[in-house]
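Trainee: How does the following fold in three dimensions:
(one chain, ligands or ions: 1)
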Amino acid sequence: MDDTVTWRAQDIDLSDLDFWRRPYAEREEAFKVLRRDLPISFHDEPVIEGTSVDFPKGTGYYALTRHRDVSTASRHPEIFLSGPGAVSQMDLPTEMVEYFSGMISTDNPKHARLRRIVSNAFNPQNIRATEESVERVAKELVAKALEGGTGDFVTDFAAPFPLEIICTMMGVPRSEYATVLRCSNIILSMGDTEFIAEGEDPVLVTLDAAVTLTGIMEELGKYRRDHPVDDITSALVNAEIETEKLTQQELASFFVLLVAAGNETTRTALAHGLHVLSEHPDQKARLTNEYESLAKTATDEMVRWASPVIWMRRTLASDYTMSGFDLKAGDKVLLFYNSANRDEEVFEDPYVFDIARTPNDHYGFGAPGPHFCLGAHLARREITVMWRELLTRTPAIHSTAPPTQLASSFVNGIKHLPYSFN
Ligand code: HEM
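Mentor: Have a look, this model is predicted:
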């Protein structure tokens, strides 16, 4: 790791977007210092630039940077609530939280009901159909790209792959794919000017993108209610028991969540995968030669390495003392998964990328608890299948320039990554 910046824990401002524009190594160093010197640190809320929407000034939040503290917060959902909002540092109006982030921002009993309905719809038959589409789409994308020779790994593979899978899974017509991709980019861009044009209001554009996505799903849901087929959307809206199906609004919110949670995350894991494998040709050669025996551990190591979701938020329902630190009811905490995933208390040589790492108790998919990633199985499968296809068909693939980072504290995104097949 490059240690060129000397950080003092009390000077690190995790709400400053410029912090997130720094090179990965500098960010890693900052979190190392926080874990060591100030594992629970206070931060003012970020200021959203360029919006006319007047957010009330929030109370700020605490950053949890150690594996064990992130674990504690996740395992005690009755104290560490998701309902007030899991994906924004700021307190947004309740209707907005419900509408745009779905079950990830709910607590029991509502969360248990939604999660049960959704899990039932992901039955073996529907999952099998999705898994088949994973194989097919991976093959198609690699075959298409091989006709070229060079390109951008994000636009050729990492972005379209999970998008097609989610759209296929939900039965979204192909004619809507481009719209879904555009909206998903906007929602997770956090105002990055590549996705939100200069002069546009980032908050209003983001709301507009979410409304477009809910519109697509409301229309599809209505149609599937009258014309059911064997797909997940039909299962979600047509359960036998009234309380066991989703309302139109719940379905639409779930779709926004799926698109946001399932797209950018898998894309980020795939893109970091190419970057890190290109930086470690020895590991790449080993993975290519022993793919079947290493695929499982390599996939998880890529997720640990990438930590696509940087944090999730919880809000305290009551006072709680965490590792000797007194948190109060109403306090907000951010669970920094990226930092937990480098915690030297848990990982041997955390800054070493090791495709055979065992054990690998990473929190890339969240820590154990009721909100643990619903799509972890699917995401692992997507990553495994894509790398199998790439390393079999074109083992020389490598990145040819450093990644262009997304300026975001929330998603560890890569916007572009040039690659070559030879
Ligand atoms: C590498 C890819 C992925 C990563 C790193 C990732 C990460 C996460 C994380 C950190 C959480 C939050 C856990 C918490 O709050 O405790 C989460 C929740 C969730 N993820 Fe994923 N995810 C990925 C892929 C997917 C995919 C492919 C889907 C769906 C197709 C998906 C659907 C969801 C849903 C629905 C939730 C909310 C679960 C709940 O609140 O009960 N994710 N994911």
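Trainee: what's the helix or strand for Ala298?
Mentor: helix 291-306 (DSSP states H and E).
Trainee: which element follows that helix toward the C-terminus?
Mentor: Assigned by DSSP H and E, the successor of helix 291-306 is strand 311-316.
Trainee: hmm, that next one in reach of the ligand?
Mentor: Yes: looking at strand 311-316 against the ligand by Cβ under 6 Å from any ligand atom, the contacts come from Met312. In short, each C-beta sits where N, CA and C put it, glycine included.
Trainee: The helix or strand following that strand pairs with which strands?
Mentor: Using DSSP H and E, the helix or strand that follows strand 311-316 towards the C-terminus is strand 320-322. Paired neighbours of strand 320-322 in the sheet (DSSP bridges): strand 325-327 (antiparallel).
Trainee: Where does Val229 sit: helix, strand or coil?
Mentor: Three-state assignment for Val229 (DSSP: H, G, I helix; E, B strand; the rest coil): coil.
Trainee: hang on, it packs against Met170?
Mentor: No: in this structure, Val229 is not within contact of Met170 by Cβ atoms under 8 Å, at 11.6 Å.
Trainee: which one of those two has more residues nearby?
Mentor: A direct count of neighbours by other Cβ atoms under 10 Å for Val229 and Met170 places Met170 higher, at 24 against 9.
Trainee: What number of residues are in the vicinity of the closest residue to the more buried one other than its chain neighbours?
Mentor: Leaving aside its chain neighbours, Met170 sits nearest to Thr233 (5.1 Å; criterion: Cβ to Cβ, 6 or more residues apart in numbering). A total of 25 residues lie near Thr233 under the criterion other Cβ under 10 Å.
Trainee: List the residues that contact Thr233.
Mentor: Going by Cβ atoms under 8 Å, 6 or more residues apart in numbering, Thr233 touches Met170, Gly171, Met217, Leu220, Gly221, Arg224, Leu251.
Trainee: Check whether the helix or strand containing the fourth one comes near the ligand.
Mentor: Counting by DSSP H and E, the element that carries Leu220 is helix 202-226. No: counting by Cβ under 6 Å from any ligand atom, no contacts exist between helix 202-226 and the ligand, the nearest distance being 13.9 Å.
Trainee: got the buried residues for that helix?
Mentor: 202-203, 205-207, 209-210, 212-214, 216-217, 220-221, 224-225 (16 or more other Cβ atoms under 10 Å).
Trainee: So Tyr419, which state does it fall into?
Mentor: strand.
Trainee: So for whichever residue of the chain sits closest to the ligand, what's the nearest residue that isn't a sequence neighbour?
Mentor: Nearest residue of the chain to the ligand (Cβ to the nearest ligand atom) works out as Gly375 at 2.1 Å. Nearest residue to Gly375 in three dimensions, chain neighbours excluded: Gly262, at 5.1 Å (Cβ to Cβ, 6+ apart).
Trainee: Residues touching stretch 186-197, excluding its own?
Mentor: Looking at what lies outside stretch 186-197 - Cβ under 8 Å, 6+ apart - the contacts are 17, 48-50, 185, 202, 205-206, 209-210, 213, 256, 259-260, 263-264, 406-411, 413, 415.
Trainee: just the buried members of those?
Mentor: Here, 16+ other Cβ under 10 Å leaves 17, 185, 202, 205-206, 209-210, 213, 256, 259-260, 263-264, 406-411, 413, 415 buried among those.
Trainee: The helix holding Ala298 and the ligand in contact?
Mentor: Yes: contact of helix 291-306 with the ligand (Cβ under 6 Å from any ligand atom) involves Val303.
Trainee: Now do the buried residues in that helix.
Mentor: 291, 294-295, 297-306.
Trainee: show me where this protein has strands.
Mentor: In the chain, strands defined by DSSP state E lie at 40-43, 61-64, 80-81, 150-152, 311-316, 320-322, 325-327, 332-336, 398-399, 404-405, 414-416, 418-420, listed in chain order.
Trainee: Among these, which comes closest to Val70?
Mentor: For Val70, the closest of these is strand 332-336, at 4.5 Å, according to Cβ to Cβ.
Trainee: Could you see whether the ligand lies near the closest one?
Mentor: No: using Cβ under 6 Å from any ligand atom, strand 332-336 stays clear of the ligand, coming no nearer than 7.3 Å.
Trainee: which other residues reach that strand?
Mentor: Counting by Cβ under 8 Å, 6+ apart, 14, 31, 58-65, 70, 73-74, 80, 84, 89, 310-316, 327, 363, 367 sit against strand 332-336.
Trainee: low-confidence ranges in this structure?
Mentor: Within the chain, the stretches falling below the threshold (pLDDT under 70) are 1-4, 190-191.
Trainee: Now the residue most central in space within it. Nearest residue, chain neighbours left out?
Mentor: Among the residues of the chain, the one closest to the centroid is Thr265, at 3.5 Å (Cα atoms, centre = their mean). Distance criterion Cβ to Cβ, 6+ apart; nearest residue to Thr265, sequence neighbours excluded, is Pro308 at 4.2 Å.
Trainee: Return the residues in contact with that neighbour.
Mentor: By Cβ under 8 Å, 6+ apart, the neighbours of Pro308 are Glu264, Thr265, Thr266, Arg267, Thr268, Ala269, His272, Gly364, Val411, Asn412, Gly413.
Trainee: Which of those fall within helices?
Mentor: Glu264, Thr265, Thr266, Arg267, Thr268, Ala269, His272 (DSSP state H).
Trainee: near the ligand, from those?
Mentor: Among those, the ligand is touched by Thr265, Thr266, Ala269 when using Cβ under 6 Å from any ligand atom.
Trainee: Nearest to Glu164, out of these: which one, please.
Mentor: Thr266 (11.1 Å).
Trainee: and Gly60, how far is that from Asp354?
Mentor: Distance from Gly60 to Asp354, counting by Cβ to Cβ, to the nearest Å: 37 Å.
Trainee: Kindly report the residues of the stretch 151-300 of the chain close to the ligand.
Mentor: Ile166, Leu257, Leu258, Ala261, Gly262, Thr265, Thr266, Ala269.
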